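Undergrad: this is a predicted model, with the sequence first.
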2 protein chains.
Amino acid sequence: MAKLYYLDEVNNLGYGEFTDIFGNIVEHCPVIAAAVWSRRPFSDFRSMGKAFCDVLDDLPGCVKEGVLRCHPDLAGRLAQMDTLTSESKNEQKTAGLLDLSVEEQLLLSKNNASYMSKFQFPFVICARENKKDTILTNIVIRQENCKDVELNIGIEEVKKIARLRLMNIIEMHQSNI
Amino acid sequence: MAKLYYLDEVNNLGYGEFTDIFGNIVEHCPVIAAAVWSRRPFSDFRSMGKAFCDVLDDLPGCVKEGVLRCHPDLAGRLAQMDTLTSESKNEQKTAGLLDLSVEEQLLLSKNNASYMSKFQFPFVICARENKKDTILTNIVIRQENCKDVELNIGIEEVKKIARLRLMNIIEMHQSNI
């Protein structure tokens, strides 16, 4: 288990340490953590989570697409090569995505490809809040959306992932919540 | 020497490969490359460089600060630990920053610290377009600026660095320029 940080400690970190610790709260986007550093001090966990969400909301559309593109395909090539970030690996494992049957794997690969072909970014869903079956259903249903709607849904899922990753790093002692 | 890419090849890359190849055009900011991918096809080198610049310009202020914070201190801790990105190491070496006298090293460390203390982001300058002496002078002069001015100057330097890094990857055959 990694060290848990109290908000008092977090509020006193330099941007280098802060970005080292929180650089993957948004997958492969340390620049988001480096931007959030400006929002310190955080009075509680919620305000720190909100700071990440606010920075994501303020990004121009093409950079939001970039954020989604920094996420791996679910049970995709990186998972098969075992080169996922540790956060992503744990999340996909929790949802049962690293233990699919051959048929489920083929179905997900096909849907990852058709989703990407339509939207030009990967399907992003908060795996820790979903199980395999809902994910396999959602990737089909969400392909009915238009691109703008799906970009917004994807970013909302990134926020859910971010909050849960933050909960793994911040000491959730009563006074911090 | 790394492989050089023709624009035809670049325009046909998927976002995964594109981000792998161009992910450090802006230091430690693969999300910028992942966003620039949306701007393909590029008709020439200039339009590809402009796409990186446009995405940088469109970022909200706090994310521009984040971009600067993803850059290492010149001749700083990462250089001393030899953990710079290969691009940054080559650039700092070209400017003579990896071969400072003890006095110059102390002076630069002091000025890096005072610059960071004033602006809350590191001093960024295109090392390949400057030599040691101009860098040591500039870090003092630029501390006279206000924060907004210095943020803009820093981002303009990031653009110069980006264009030069791009020239190291793109085949500069006449038809590409």
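TA: Received the coordinates, thanks.

Undergrad: what's the worst-scoring helix or strand of chain A on mean pLDDT packed up against?
TA: Here the helix or strand of chain A ranked lowest by mean pLDDT, DSSP states H and E is helix A:77-80, holding a mean of 81. Secondary structure elements in contact with helix A:77-80, counted by 3 or more Cβ pairs under 8 Å, 6 or more residues apart in numbering or on different chains; DSSP states H and E, are helix A:86-94. Bear in mind the C-beta positions are built from the backbone N, C-alpha and C, glycine included.

Undergrad: quick one: low-confidence parts of chain A?
TA: Low-confidence segments of chain A (pLDDT under 70): A:1-2, A:174-177.

Undergrad: my read is that A:F52 contacts A:N24, right?
TA: No - checked against Cβ atoms under 8 Å, the pair A:F52 and A:N24 is beyond contact range at 11.8 Å.

Undergrad: and the biggest helix by length in chain A, how far out from the chain's middle?
TA: Of all the segments assigned as helix in chain A under DSSP state H, the longest by residue count is helix A:147-167. The chain centre lies 6 Å from the centre of helix A:147-167; the measure is Cα atoms, centre = their mean, to the nearest Å.

Undergrad: specify the angle between that helix and helix A:86-94 in degrees.
TA: 100 degrees (axes from the mean of the first three to the mean of the last three Cα atoms, to 10 degrees).

Undergrad: got the domain ranges for chain A?
TA: When chain A is parsed with automatic domain parsing, its domains come out as A:7-66+A:165-174, A:73-157.

Undergrad: how about the first one against chain B, any contact?
TA: Read it as domain A:7-66+A:165-174. Yes - in this structure, domain A:7-66+A:165-174 sits against chain B according to Cβ under 8 Å from any Cβ of the partner chain; the contacting residues are A:15-16, A:19, A:28-39, A:55, A:58-60, A:62-63, A:65-66.

Undergrad: please, a PyMOL command that selects the buried ones among those residues?
TA: Per 16 or more other Cβ atoms under 10 Å in any protein chain shown, the buried members of those correspond to this PyMOL selection:
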select buried, chain A and resi 15+16+19+28+29+30+31+32+33+34+35+36+37+38+55+59+60+62+63+65+66
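
Undergrad: report the contact partners of the spatially closest residue to A:I169 that is not a sequence neighbour.
TA: Counting by Cβ to Cβ, 6 or more residues apart in numbering or on different chains, A:Y5 is the residue found nearest to A:I169 once chain neighbours are left out, at 6.1 Å. Applying Cβ atoms under 8 Å, 6 or more residues apart in numbering or on different chains, one finds that A:Y5 lies in contact with A:21, A:169-171.

Undergrad: what is the nearest of those to chain B?
TA: When these are compared for distance to chain B (Cβ to the nearest Cβ), A:I21 wins out at 13.5 Å.

Undergrad: circling back to that earlier point, does the residue nearest to A:I169 have beta-bridge partners, and which?
TA: Residues in a beta bridge with A:Y5, per DSSP bridges, are A:I170.

Undergrad: now do the helices in chain A.
TA: A:7-11, A:15-22, A:30-36, A:45-58, A:61-69, A:77-80, A:86-94, A:102-119, A:132-141, A:147-167.

Undergrad: what is the fifth one packed up against?
TA: Going back to what we said before, that points to helix A:61-69. Packed against helix A:61-69 by the contact rule (3+ Cβ pairs under 8 Å, 6+ apart) you find helix A:147-167, helix B:15-22, helix B:30-36, helix B:45-58.

Undergrad: out of those, which one sits most buried?
TA: Across the helices and strands packed on helix A:61-69, the average number of neighbours (mean count of other Cβ atoms under 10 Å in any protein chain shown) peaks for helix B:30-36, which reaches a mean of 28.

Undergrad: contacts made by that one with the rest, please.
TA: Outside helix B:30-36, the residues that touch it by Cβ under 8 Å, 6+ apart are A:28-29, A:31-32, A:62-63, A:65-67, A:69-70, B:15, B:18-19, B:21-26, B:48, B:51-52, B:55-56, B:67.

Undergrad: swap the cut-off to 7 Å and go again
TA: Applying Cβ atoms under 7 Å, 6 or more residues apart in numbering or on different chains, the contact partners of helix B:30-36 are A:28-29, A:31, A:62-63, A:65-67, A:69-70, B:15, B:18-19, B:22-23, B:25-26, B:51-52, B:55-56.

Undergrad: same deal with stretch A:99-111?
TA: A:74-75, A:136, A:139-140.

Undergrad: what about burial for these, which qualify?
TA: By the neighbour-count criterion of 16+ other Cβ under 10 Å, the contacts of stretch A:99-111 include these buried positions: A:74-75, A:136, A:139.

Undergrad: distance to B:E103 for the domains of chain A - can I get that in a markdown table?
TA: What follows is these, written out as a markdown table (distance: least, Cβ to Cβ, whole Å):
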| stretch | distance to B:E103 |
| --- | --- |
| domain A:7-66+A:165-174 | 25 |
| domain A:73-157 | 42 |
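
Undergrad: which of these sits closest to B:N11?
TA: The stretch from the domains of chain A with the least distance to B:N11 (Cβ to Cβ) is domain A:73-157; that distance is 14.0 Å.

Undergrad: roughly how far out does the closest one sit from the chain middle?
TA: The mean C-alpha position of domain A:73-157 is separated from the chain mean by 12 Å, Cα atoms, centre = their mean.

Undergrad: before we move on, what about stretch A:10-24?
TA: Per Cα atoms, centre = their mean, the displacement of stretch A:10-24 from the mean C-alpha position of its chain is 18 Å.

Undergrad: what about dumping the CA coordinates of stretch A:6-24 to PDB?
TA: This file holds the C-alpha atoms of stretch A:6-24, laid out as PDB (Å, rounded to 0.1, in the frame of the first residue of the first chain):
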ATOM      1  CA  TYR A   6      -2.800  14.300   4.800                       C
ATOM      2  CA  LEU A   7      -4.100  17.400   3.100                       C
ATOM      3  CA  ASP A   8      -1.800  19.500   5.300                       C
ATOM      4  CA  GLU A   9       1.100  17.600   3.700                       C
ATOM      5  CA  VAL A  10      -0.400  18.000   0.200                       C
ATOM      6  CA  ASN A  11      -0.800  21.700   0.600                       C
ATOM      7  CA  ASN A  12       2.900  22.100   1.500                       C
ATOM      8  CA  LEU A  13       4.300  20.100  -1.500                       C
ATOM      9  CA  GLY A  14       6.300  21.800  -4.200                       C
ATOM     10  CA  TYR A  15       5.000  21.400  -7.700                       C
ATOM     11  CA  GLY A  16       7.600  18.700  -8.500                       C
ATOM     12  CA  GLU A  17       6.700  16.400  -5.700                       C
ATOM     13  CA  PHE A  18       3.000  17.100  -6.200                       C
ATOM     14  CA  THR A  19       3.200  16.200  -9.900                       C
ATOM     15  CA  ASP A  20       5.200  13.100  -9.000                       C
ATOM     16  CA  ILE A  21       2.500  11.900  -6.600                       C
ATOM     17  CA  PHE A  22      -0.700  13.000  -8.400                       C
ATOM     18  CA  GLY A  23       0.600  12.900 -12.000                       C
ATOM     19  CA  ASN A  24      -1.600   9.900 -12.900                       C
END
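
Undergrad: I appreciate the help and will end here.
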